[in-house]
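Enquirer: no letters, just coordinates:
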């Protein structure tokens, strides 16, 4: 598996090196994710999934116009920083951001639990922060469709992720069979809703701080409820 990942990374890097220097950011991002995924840190579980998502994003927007690519590259780089800082904090035994504390609190969880906790933290905790710290309200509205368009790419990755763990995890397989496959569809719907909610939250951050605070409080509660479900039931 590691040999395959190294070969895959090499191919992607060769493809990127032929482009402009703007690709240096994406190359470094992939290299760092690959390095973490091959480490002994528990951060490796989410890093491996994040690596695949980043490759998917690069390929998905490969032929987009420069303005779209600029938005995505800025978002990718800023967004990844939240995960990297959390992984570094865990390694250095310093304060871990609240949204990542459930992930790094226990070193004995299953790979599935780590990946689901990581997805929850990064989507329901980090996206709005990445959007607001990098873009103005005007930029977010202008690039709204670009942000939402990537949902099509994520659906394909979700399908692979779901199929992998339904076949290898008794509990998720039981849920899928009991619901006649509806759990697969529900997961796709929730992933889309989560990402849309993060964009709305980011826009509220710039335009209506009172509504933003209420929405953020509600989101934080739902994120922690989901963490408890992952830890208790999988």
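Expert: Yep, it's here. Keep in mind the model is a prediction, meaning the values are calculated, not measured.
Enquirer: where along the protein do the strands fall?
Expert: Under the criterion DSSP state E, the chain contains no strands.
Enquirer: in it, which spans are helices?
Expert: 2-17, 23-37, 43-60, 66-92, 101-104, 111-121, 127-134, 137-142, 144-149, 151-168, 170-178, 182-207, 209-233 (DSSP state H).
Enquirer: what packs against the fifth one?
Expert: What that stands for is helix 101-104. In terms of contacts (3 or more C-beta pairs under 8 Å, 6 or more residues apart in numbering; DSSP states H and E), helix 101-104 is packed against helix 66-92, helix 111-121, helix 209-233. No exception for glycine: its C-beta is placed from N, CA and C like everyone else's.
Enquirer: tell me which of the ones you listed is the most buried.
Expert: helix 111-121 (a mean of 22; mean count of other C-beta atoms under 10 Å).
Enquirer: sorry, back to before: tell me which of the helices and strands packed on helix 101-104 sits nearest to residue 153.
Expert: helix 66-92 (11.0 Å; C-beta to C-beta).
Enquirer: what is the closest one packed up against?
Expert: Packing partners of helix 66-92 (3+ C-beta pairs under 8 Å, 6+ apart): helix 23-37, helix 43-60, helix 101-104, helix 127-134, helix 144-149.
Enquirer: 7 Å instead, please
Expert: Applying 3 or more C-beta pairs under 7 Å, 6 or more residues apart in numbering; DSSP states H and E, one finds that helix 66-92 contacts helix 23-37, helix 43-60, helix 127-134, helix 144-149.
Enquirer: go through the ones you listed and name the closest to residue 222.
Expert: helix 127-134 (13.4 Å).
Enquirer: for that closest one, packing partners?
Expert: helix 66-92, helix 182-207.
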